[in-house]
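Undergrad: Structure of the sequence below:
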Amino acid sequence: MRLTVHPVPGVGPEDVLVTTAGPHEGSVLVGVDDGSLLRVSSDGSRITRVADTGGRPLGLEWLPDGRVLVCDSTRGLLAVDAASGAVEPLVSTVDGRAMRFCNNAAVAADGTIWFTDSSLHHGREQWEEEMAQDTRTGRLLRRDPDGTLAVVLDDLGFANGVALDPAGAWLTVNETSAARIRRHHLAGPRAGSTEVLVDGLPGYPDNASVGSDGLVWVALASPVVGLLGLVQRAPLAMRRLATRAPGPLKPSPGRTVHVQAYDGATGALVHDLDATRLATGDAAFHFVTGVREHEGRVWLGSLEAPALAVLDAD
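TA: This is a model prediction of the structure:
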């Protein structure tokens, strides 16, 4: 297994989106902390700024019309034309209330968008507070092609990555603070029902995507932190105090480069790629928040690193 790191002009390319057709085939799109949407060539040698969301882009997906769906943590759902740079707001409020933490999405062939709002109380800048306080106010939402909005699931623990079955039978949604993956059935006799697909993950799941191999790929941003689990089980007042504790006493994420792939129909673990030992140096790539498998290559995004990376697995 080989890990190749590609620096980018910005911090935190949180998600990665592979271009699979057209003149830029093989390149990837990422969004960074200054609001820029960047196109990076497959070898990392050419980087072009294609748009500015005016906020903080997180999850990225292709829309049926060729535009890029951007989950902007501060502005909501946006449709971005990577050719012209034009930005169209799609969703900024739900039931008259601004989203606090628009995070990740999946898009169906008919244009239906399934997306997460991670918390009703904390924005992206307070993600550590949300993890410790574990408010369980995350939501999975749906935007229909006509613009109609619906809350599909609520009371989720830091609702995050969404992956959609290509056949449209189910989708998965990650609960970061609970270290688990839920599956929601969209068709068949169990349509509308939800269950835990994978529990007790070895790390906190961030973004998710369905790869070209049909598997649900999940980025594990950090190993599970024992102290954080203790804090989450404490009374709310103590959880709030924990977020104001001095650095050494505050639960902190571990450094890792770890992604997994699951069979979305059975929940079986198919791939477990831990490249932490390959990430060396003081400024090593870590805190993997985005993952995208395409034709055997596994692209990785990070909320904290000034770079993206790619895993070429044996």
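Undergrad: OK, contacts around the closest residue to V162 other than its chain neighbours?
TA: Counting by C-beta to C-beta, 6 or more residues apart in numbering, A106 is the residue found nearest to V162 once chain neighbours are left out, at 4.3 Å. Bear in mind the C-beta positions are built from the backbone N, C-alpha and C, glycine included. Contact analysis of A106 by C-beta atoms under 8 Å, 6 or more residues apart in numbering lists E61, I113, W114, F115, V162, A163, L164, L171, S209, V210.
Undergrad: Helix or strand: which one has the third one?
TA: Secondary structure from DSSP states H and E places W114 in strand 113-117.
Undergrad: thinking again about what came up before, name whatever forms a beta bridge with the residue nearest to V162.
TA: W114 (DSSP bridges).
Undergrad: what number of residues lie near G111?
TA: Number of residues near G111 (other C-beta atoms under 10 Å) recorded here: 14.
Undergrad: oh, I was asking about E293
TA: Other residues within reach of E293, judged by other C-beta under 10 Å, total 24.
Undergrad: mind listing what it touches?
TA: By C-beta under 8 Å, 6+ apart, the residues touching E293 are S209, G211, S212, D213, L215, W217, A261, W299.
Undergrad: next SSE after the strand holding W114?
TA: helix 127-133.
Undergrad: And that following helix, what does it pack against?
TA: Applying 3 or more C-beta pairs under 8 Å, 6 or more residues apart in numbering; DSSP states H and E, one finds that helix 127-133 contacts helix 226-232, helix 236-242.
Undergrad: What is the subsequent helix or strand relative to it?
TA: Along the chain past helix 127-133, the next helix or strand (assigned with DSSP H and E) turns out to be strand 138-143.
Undergrad: now what about that next one, what contacts it?
TA: 77, 90-91, 94, 112-120, 149-160, 162, 173, 175, 184.
Undergrad: Now list the buried members of those.
TA: Using 16 or more other C-beta atoms under 10 Å as the burial test, the contacts of strand 138-143 include 77, 90-91, 94, 112-120, 149, 152-153, 156-160, 162, 173, 175, 184 as buried.
Undergrad: Can you give me the pLDDT of the residue nearest to R142 when sequence neighbours are not counted?
TA: Nearest non-adjacent residue to R142, counting by C-beta to C-beta, 6+ apart: A150, 4.8 Å away. With respect to pLDDT, A150 scores 97.
Undergrad: Make residue 1 into 45 and carry on from there
TA: Yep, numbering from 45; the last one is A194 now.
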